[in-house]
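Visitor: next come a sequence and a model predicted from it.
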Amino acid sequence: MIQLDLPAAFLASLFFLDLGRKSIKQKTQNTDGRYPAVYHRFLSRSLLFAGLVITPICIYFVVGWPGWEQLYWSRRFEETMHNGGINALLPGLCGLAIILVSYLGHFIGYRWITAGHLKYLRFAYIIISTAVIMVILLHHPAFLLVGTYDQYHNLNGQTRDSMASIFDNWEGFTVALGGVLIYFAIALAYMILKIQKDNRGESKKI
C-alpha cells in the first residue's frame, strides 16, 4: 500500500540510524563537517532496504492489485497495464519515490542524531505512524477488500459486495500478502541483527 510503503521507507532509515546511534556519535567526532564512513554505511543500508525490499513489494502490488495498493483513491493506477505513456510510469515513479523518501529519512535522521536531537527522531516515529493508522482507519474497509476501483466505489454496475476479503482470496492476494510480509520481516530482522553485530564489534574496540 503506497500510503504505507512511503512512510515505511522513511521510518526504516530513521530506525536503522537509531539502532546505530552510539556508533554514529563516536565516529562523527572531529570530522570537520565532512561525512564519515559511518554516514555512507548507514545510507547504503537504508537505500538497499528501500530498493531491495520496499520498492519491489510496492511495484508488485501496483501491477497486481492496483486498486488496493492505493486504497482505491484513483482509477488511473488500474489503467497502468492497459495504456502506455504516463500510466506506464506509475510503477517506476512509485519506486523512485520510495528511494527518495528513504534518502530523505537518512539525511534528516543523521542530522538529528549527530546534533543530539534524538527526541525529534522518536517524535517522528509517533507522528508518521499515527498518520498512517489514521489514513487506513478513515478509509475503512478499503484495506480489507481486494478488487477494482469501480467495485469499491459502486460504479458501472459493480458493487462492493463482489469484492473479496484480503484474508479469503487464497487464489492470489492472500498468499501474496503473506509472502510479502514474511519477506519484509526476514529482511528487517537481518538488518537489525547486522547493525547490532556491528555495534558489538565497535564496543570491543573501545
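Guide: Nice, I can see it. Residues are numbered from 1 along each chain as shown.

Visitor: if you count neighbours, what's buried in the helix or strand of the chain with the lowest mean pLDDT?
Guide: Sorting the helices and strands of the chain by mean pLDDT, DSSP states H and E puts helix 21-27 at the bottom, at a mean of 83. By neighbour count on 16 or more other Cβ atoms under 10 Å, the buried set for helix 21-27 is 21, 23-24, 27. In short, each C-beta sits where N, CA and C put it, glycine included.

Visitor: mind listing residues that contact that helix?
Guide: Contact partners of helix 21-27, identified using Cβ atoms under 8 Å, 6 or more residues apart in numbering, comprise 17, 36-39, 42, 110, 113-114, 118, 198-199, 202, 206.

Visitor: in PyMOL, how would I select the buried members of these?
Guide: Buried subset of the contacts of helix 21-27, written as a PyMOL selection, criterion 16+ other Cβ under 10 Å:
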select buried, resi 17+38+39+42+110+113+114+198
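
Visitor: looking at pLDDT only, which of the contacts of helix 21-27 scores worst?
Guide: Ranked by pLDDT, those bottom out at residue 206 (43).

Visitor: how about the strands in the chain?
Guide: 145-146, 164-165 (DSSP state E).

Visitor: of all these, which lies closest to residue 181?
Guide: strand 145-146 (15.0 Å; Cβ to Cβ).

Visitor: pairing partners for the closest one, with directions?
Guide: Looking at strand 145-146 with DSSP bridges, its partner strands are strand 164-165 (antiparallel).

Visitor: picking up where we left off before, okay, the strands of the chain, which one's buried deepest?
Guide: strand 145-146 (a mean of 23; mean count of other Cβ atoms under 10 Å).

Visitor: give the buried residues for the longest helix along the chain.
Guide: In the chain, with assignment by DSSP state H, the single longest helix is helix 173-205. Burial within helix 173-205, assessed by neighbour count using 16+ other Cβ under 10 Å, is assigned to 173-174, 176-177, 180, 184, 187-188, 191, 195, 198.

Visitor: quick check: phi and psi at residue 117.
Guide: As for residue 117, its main-chain torsions (degrees, to the nearest 10) stand at phi -100, psi 50.

Visitor: one step back: any chance of TSV for the buried residues of helix 21-27, columns distance to residue 135?
Guide: Shown next, in TSV, are the buried residues of helix 21-27 (distance: Cβ to Cβ, whole Å):
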residue	distance to residue 135
21	29
23	34
24	31
27	37
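
Visitor: quick check, nearest of those residues to residue 124?
Guide: Taking Cβ to Cβ as the measure, residue 21 is the one of those closest to residue 124, at 14.0 Å.

Visitor: mind listing the helices for this structure?
Guide: Counting by DSSP H, the chain has helices at residues 2-19, 21-27, 37-49, 55-64, 66-69, 86-114, 118-138, 149-152, 173-205.

Visitor: distance to residue 161 added to these, as JSON lines?
Guide: As requested, the helices of the chain are exported to JSON lines (distance: least, Cβ to Cβ, whole Å):
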{"stretch": "helix 2-19", "distance to residue 161": "25"}
{"stretch": "helix 21-27", "distance to residue 161": "50"}
{"stretch": "helix 37-49", "distance to residue 161": "39"}
{"stretch": "helix 55-64", "distance to residue 161": "22"}
{"stretch": "helix 66-69", "distance to residue 161": "16"}
{"stretch": "helix 86-114", "distance to residue 161": "28"}
{"stretch": "helix 118-138", "distance to residue 161": "22"}
{"stretch": "helix 149-152", "distance to residue 161": "9"}
{"stretch": "helix 173-205", "distance to residue 161": "17"}
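
Visitor: that concludes my questions; thank you for your assistance.
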